[in-house]
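S.K.: the sequence isn't on hand, but the structure is:
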């Protein structure tokens with residue numbers, strides 16, 4: 001899918017972590033904070049809503065470095081450590097805040113503070129990905145809901161593809177058309193896939209996103225959406 005890139009002024013020296021915070025490593029304790037380069041984060045989903053990333057970027061570039069640091073810390077970027085022992089350096093999998101992390105990278109932020117939520121043995125790929133799936137730490141589907149292999153996942157933020165229907169789902173959530181506070185995981189992707197099916201996977205870009213959102217809101221309020229997680233909004237009354 002098409003990727004969108006723009007040149008933006010760099011924010012130099014921004015870190016969302018305290019000066020005394022240690023760098024992330026293979027033995028970083030679970031539920032602790034550490035510093036890491038954004039370039040080291042490995043995505044656990046194939047795509048983001050690129051329009052949403054652009055909007056986040058425009059919003060964040062207005063922040064002072066100090067305010068940006070506080071904002072990122074409050075949002076909490078979560079990672080899982082893949083420990084390979086002495087065989088290879090640890091790898092760090094981004095399990096939440098893909099859109100925020102991508103926006104920060106586009107702003108020129110190099111290092112951020114993250115919280116470690118898990119550490120798994122990475123020496124057996126099959127077992128590793130099985131545990132990642134069991135813990136809902138990875139989304140192994142494309143935008144149409146078709147299964148993909150872990151090898152198909154991007155290895156860096158800049159390789160994430162664009163899923164415009166994920167953008168639509170995020171906008172619906174922001175406007176209160178569904179409630180993300182549900183027991184189901186990856187709610188925005190579930191909604192995004194359904195919206196794509198209902199809208200016949202029409203091309204969506206920044207030129208027609210407003211009309212697409214109007215159409216999506218009507219769909220979100222229809223009885224056809226009643227099976228989706230978080231369905232039922234006061235916006236539809």
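M.R.: Alright, I've got the coordinates. Worth saying up front: this structure is predicted, and the values here are computed from it rather than measured. Residues are numbered from 1 along each chain as shown.
S.K.: let me see the contact set for the closest residue to residue 52 other than its chain neighbours.
M.R.: Nearest residue to residue 52 in three dimensions, chain neighbours excluded: residue 167, at 4.6 Å (C-beta to C-beta, 6 or more residues apart in numbering). The C-beta positions use only the backbone N, C-alpha and C, and glycine is treated the same way. Residue 167 makes contact with 49-52, 204, 209, according to C-beta atoms under 8 Å, 6 or more residues apart in numbering.
S.K.: if I look at residue 167, how far off is residue 199?
M.R.: As judged by C-beta to C-beta, to the nearest Å, residue 167 and residue 199 stand 13 Å apart.
S.K.: one more: residue 165?
M.R.: Distance from residue 165 to residue 199, by C-beta to C-beta: 8 Å.
S.K.: of these two, who's got more company?
M.R.: Shown here are residue 165 and residue 199; by other C-beta atoms under 10 Å, residue 165 has more neighbours (28 against 15).
S.K.: and the pLDDT for the closest residue to residue 189 other than its chain neighbours?
M.R.: Computed as C-beta to C-beta, 6+ apart, the closest residue to residue 189 that is not its neighbour in sequence is residue 139, at 6.0 Å. Per-residue confidence at residue 139 stands at 98 (pLDDT).
S.K.: which is the next helix or strand following the helix or strand bottoming out on mean pLDDT in the chain?
M.R.: Using mean pLDDT, DSSP states H and E, the weakest-scoring helix or strand in the chain turns out to be helix 65-75, at a mean of 94. For helix 65-75, the following helix or strand on the C-terminal side (DSSP states H and E) is strand 77-83.
S.K.: could you tell me how far that next one lies from the centre of the chain?
M.R.: Put simply, strand 77-83 sits 14 Å off its chain's centre (C-alpha atoms, centre = their mean, to the nearest Å).
S.K.: what of stretch 189-204?
M.R.: 18 Å.
S.K.: shouldn't residue 154 be in contact with residue 44?
M.R.: No - between residue 154 and residue 44 there is no contact under C-beta atoms under 8 Å: 9.6 Å.
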